[in-house]
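Visitor: what follows is a predicted structure for the sequence shown.
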Amino acid sequence: MRGPLLAVLIFALGATTSLVATAQQSALPPTPLAHPGALPPRQANYAWEADLLRASFSYRDVLADPELVKKLSSGLPTVIAMRAYVYREGQDTPVALAARVCRVVYDLWDEVYRVHVSEPERERDQAAVLDGVLRLCTEARDLPVVRRGLLEARQPYFLAVVVDVNPVSPEIVDQMHRWMSRPSGSTGIGPSDALFGSFVQLFVRQIATSDKTLTFRTGDLTP
Amino acid sequence: MAAGLVAPGVVRAAGAVGLKYTLEGIEVRGNRTTLSRVVLRYVPFRAGDVLDVNDPELELTRFRLLGTGFFRAVQLSLRRGTQRGYVVLVVDVAERNTIVVDDVWLGVSADVNPNGEAKPLTAFGGARVTETNLAGTGIGLGGAFAVADSQLGLRARIVDPQLGSSNWIAETELLYNNARDFFGNNDVLVNGQAADYAIETYQRFGGRLGFGHDLGISSQLLFNYRLERITANVPLAASDYRGLDVEPIDFMLPNGASILSTLSATIVHDTRDEQFLPSRGHHLVASLDLGLTPLGSDYPYAKVVVRASQWFPLPWGHVLGLDAFVGGIFGDAPLFERFYVGDFSDLLPDRVLDLNFDRRPAPNYLSTDIVEIRYGNYAAKINAEYRIPVYRGHRSIYGVDFFGSFGVYGVANGQDFTDPARGYLGFSTVPIDLTFNAGLRIDTQAGGFVIGIANLVGLAPVHGPEQGAARP
């Protein structure tokens, strides 16, 4: 009797279930947010320059972690990428996007930060100390956001902002996918029986798509 | 440019500002068990190199190290060298547990008792476990076992993913199987006695030595040499119906001891974006096995297998996967190298570590003479799978897809082409059958799970206990 009983028990536990170590990378390309209106609110200032909307806001807390500040002086590049999506209140599809990317490298011998900022209409290089880096890289000032013609009059709009520190490039994500499917230098000698081909993926997929991600929304603006 | 002549300087390029230094050395920190030389295998820089801080290899190095599975965190940084313009690359690692459960097998099968009488369902199970960073050397040590009633399979493997710091992978494996297999379909004669099934028992003991090399980022070439001693206990005389005729059973192993010695080459081309829930890319495996009779093998044969899979992304995140398999064995291959119907049908348990747990023939939905075939020298299969995403997450569960699959497969021997079993006419002489499955694919932090209905459906005979076999 024990045989059938054990069989039923194991069957109940998962006779139709097979466990295979696998791989999936959770890294995804930047996409608009699922529920932008529900993001935590943050103060922003708007100004119209002719028909161009400009916005100013801060995201300095993206570097609140002392480890990230320490990483700024690692001698290797740190990228702070900000995306501001323009949404109409109550809708989940953005009507415009403004991006701002700041790349910082600490010059170990001159003891100064080299900063490159890219944003709509302008690019600039600067040398700065740490306070200057924080100001240049974590504050949007008069950021060109959207032309009035793209907005519907007398309707409320807001910005949904995503800030990533050291986002992983799509090329890297692609490479990681390959490694996860068949990790370089760690594949078993057997196409159907790989020794390593699986578990590595479990670890790799835990890699975040950036060192830190901050999201928030601004108050409404009615054109 | 000579290393010593490189002066540090600001490098300006579109969208980037960077610096170049001369690399004075590389320092590995945080490794308690992993040897520094193991870490350095994955760092493509050497003292004296010109280091551009924007070199993508720096970022790739971090992911390469994370990809080993040895570390839970890796950080790269620079510190000043001993003279202006020189830097030291610092690799900070945090080690992680490297003992991993790769596979778990659980299931039920229709078994046979030692007298050859059909038994109800019995359980089988097994697991594969690996220490991926043995004593910090980067060498993997793995073991696997599978158990069922009167059957045991064991494996032990050692893998060096970078043999002698080269780009070659080396692997050696020991295997032991105490196995049995079942022949017939509820009506056989064994040594003059009627029984449900004829049983062959055999033991395998041996090893395998393999080498592999990457052929670019998506391809790999693998070579294996295998040597085994097989001891089989085969019934002296056994016969079974093949259609309307009674024929002797071919147990595909000689009675007593024999030697299997093979050389194989396999090429793999893999562009899948993911392994468990791929949405695009393809996976191609082609292999050739040769029995080395000049080196003492008792099995002169050649085995060729090609398998190709392609995934297509569709609107709404749906995915269509197509899979094709074709294989042929030419010569006298041992039982466990032949193509088994259960490996092609979702409705029967697959073999685990080459152990066969199930006595049932193919389900035979198309009422063909596939029901007469358990093992064959030729096999082909085409299969399509449609997946619909149900859930996507980033924590414990990464994705859940509903899937439905449908395929057609065929398994045959040369005799089935030249002399089909009597009692079958027209289409029924083509030994093919349908396979299908539906359920959920669940990708989790602990691994990927497939929950399907095929195992359950397969427990219900389609055409009664003999599955529609033609009998006098």
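Guide: Structure received.
Visitor: going forward, measure contacts and count neighbours with C-alpha atoms only.
Guide: Will do.
Visitor: pull the number of nearby residues for residue 98.
Guide: I'll assume chain A. 17 (other C-alpha atoms under 10 Å in any protein chain shown).
Visitor: right idea, wrong chain: chain B
Guide: 19.
Visitor: same question for B:Val28.
Guide: Neighbours of B:Val28 (other C-alpha under 10 Å): 16.
Visitor: can you name the residues bridging to it?
Guide: Applying DSSP bridges to B:Val28 gives these bridge partners: B:Val91.
Visitor: which residues touch it?
Guide: Neighbouring residues of B:Val28 by C-alpha atoms under 8 Å, 6 or more residues apart in numbering or on different chains: B:Ser36, B:Val39, B:Leu40, B:Val90, B:Val91, B:Asp92, B:Val93.
Visitor: let's have those residues in CSV, adding distance to B:Val101, neighbour count and pLDDT.
Guide: Output for the contacts of B:Val28, formatted as CSV (distance: C-alpha to C-alpha, whole Å; neighbours: other C-alpha atoms under 10 Å in any protein chain shown; pLDDT from 0 to 100):
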residue, distance to B:Val101, neighbour count, pLDDT
B:Ser36, 26, 17, 91
B:Val39, 23, 21, 90
B:Leu40, 27, 18, 90
B:Val90, 32, 17, 97
B:Val91, 28, 23, 96
B:Asp92, 27, 17, 95
B:Val93, 23, 23, 93
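Visitor: low-confidence ranges in chain A?
Guide: A:1-32, A:170-208 (pLDDT under 70).
Visitor: where along it do the helices fall?
Guide: All helices of chain A, identified by DSSP state H, fall at A:2-14, A:66-72, A:130-137, A:170-181, A:199-204.
Visitor: any idea how far the closest residue to A:Pro120 other than its chain neighbours is from chain B?
Guide: Nearest in space to A:Pro120, with sequence neighbours left out and distances taken as C-alpha to C-alpha, 6 or more residues apart in numbering or on different chains, is A:Pro144 at 6.4 Å. The gap separating A:Pro144 from chain B is 19 Å, by C-alpha to the nearest C-alpha, to the nearest Å.
Visitor: what is the burial count for the closest residue to A:Ala128 other than its chain neighbours?
Guide: Using C-alpha to C-alpha, 6+ apart and skipping residues adjacent in sequence, the residue nearest A:Ala128 is A:Tyr113, 5.1 Å away. Counted with other C-alpha under 10 Å, residues neighbouring A:Tyr113 total 22.
Visitor: repeat for A:Asp61
Guide: 10.
Visitor: quick check: the gap between it and A:Ser73.
Guide: 18 Å (C-alpha to C-alpha, to the nearest Å).
Visitor: swap in A:Leu97?
Guide: For A:Leu97, the distance to A:Ser73 - C-alpha to C-alpha - is 30 Å.
Visitor: give me the more crowded residue out of those two.
Guide: Using other C-alpha under 10 Å as the criterion, A:Leu97 and A:Ser73 rank with A:Ser73 on top: 22 against 17.
Visitor: right, and the more buried one touches A:Glu111 too?
Guide: No. With contacts counted by C-alpha atoms under 8 Å, A:Ser73 stays clear of A:Glu111, the gap being 9.0 Å.
Visitor: closest residue of the stretch 101-250 of chain B to chain A?
Guide: Per C-alpha to the nearest C-alpha, the residue of the stretch 101-250 of chain B with the smallest distance to chain A is B:Gly107, at 4.1 Å.
Visitor: what's the pLDDT at that residue?
Guide: For B:Gly107, the model assigns a pLDDT of 82.
Visitor: number of residues surrounding it?
Guide: 26.
Visitor: that one contacts B:Phe124, doesn't it?
Guide: Yes. Under the criterion of C-alpha under 8 Å, B:Gly107 is in contact with B:Phe124, at a separation of 5.5 Å.
Visitor: name the residues contacting each of the two.
Guide: Shared contacts of B:Gly107 and B:Phe124 (C-alpha under 8 Å, 6+ apart): none.
Visitor: which residue is the nearest non-sequential neighbour of A:Val84?
Guide: One thing to correct before we go on: residue A:84 is Ala, not Val. In space, A:Ala84 comes closest to A:Val161 once its chain neighbours are excluded; the distance is 4.3 Å by C-alpha to C-alpha, 6+ apart.
Visitor: contacting residues for the one you found?
Guide: A:Met82, A:Arg83, A:Ala84, A:Tyr85, A:Leu214, A:Thr215, A:Phe216, A:Arg217, A:Thr218.
Visitor: what's the separation between the fifth one and A:Ala81?
Guide: When distance is defined by C-alpha to C-alpha, A:Leu214 is 10 Å away from A:Ala81.
Visitor: what touches both of the two?
Guide: A:Val163, A:Asp164.
Visitor: out of the two, which sits in the busier spot?
Guide: For A:Leu214 versus A:Ala81, the count of surrounding residues by other C-alpha under 10 Å is larger for A:Ala81: 21 against 14.
Visitor: so the more buried one makes contact with A:Val104?
Guide: No. Between A:Ala81 and A:Val104 there is no contact under C-alpha under 8 Å: 11.3 Å.
Visitor: can you give me the domain assignment for chain B?
Guide: Listed by automatic domain parsing, the domain ranges of chain B are B:3-95, B:99-363.
Visitor: so can I have CSV of those showing distance to A:Thr209?
Guide: Below are the domains of chain B laid out as CSV (distance: least, C-alpha to C-alpha, whole Å):
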stretch, distance to A:Thr209
domain B:3-95, 12
domain B:99-363, 16
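Visitor: in terms of mean pLDDT, which of those ranks lowest?
Guide: Looking at these, the bottom one is domain B:3-95 with a mean of 82.
Visitor: now do it: distance to the chain's middle.
Guide: Its chain's average C-alpha position is 36 Å from that of domain B:3-95, according to C-alpha atoms, centre = their mean, to the nearest Å.
Visitor: could you do stretch B:211-228 as well?
Guide: For stretch B:211-228, the distance to the chain centre is 14 Å (C-alpha atoms, centre = their mean).
Visitor: give me the contacts around that stretch.
Guide: A:178, A:184-185, A:189-190, B:167-171, B:204-210, B:259-271.
Visitor: so for it, what gets flagged as buried?
Guide: B:211-214, B:218-228 (16 or more other C-alpha atoms under 10 Å in any protein chain shown).
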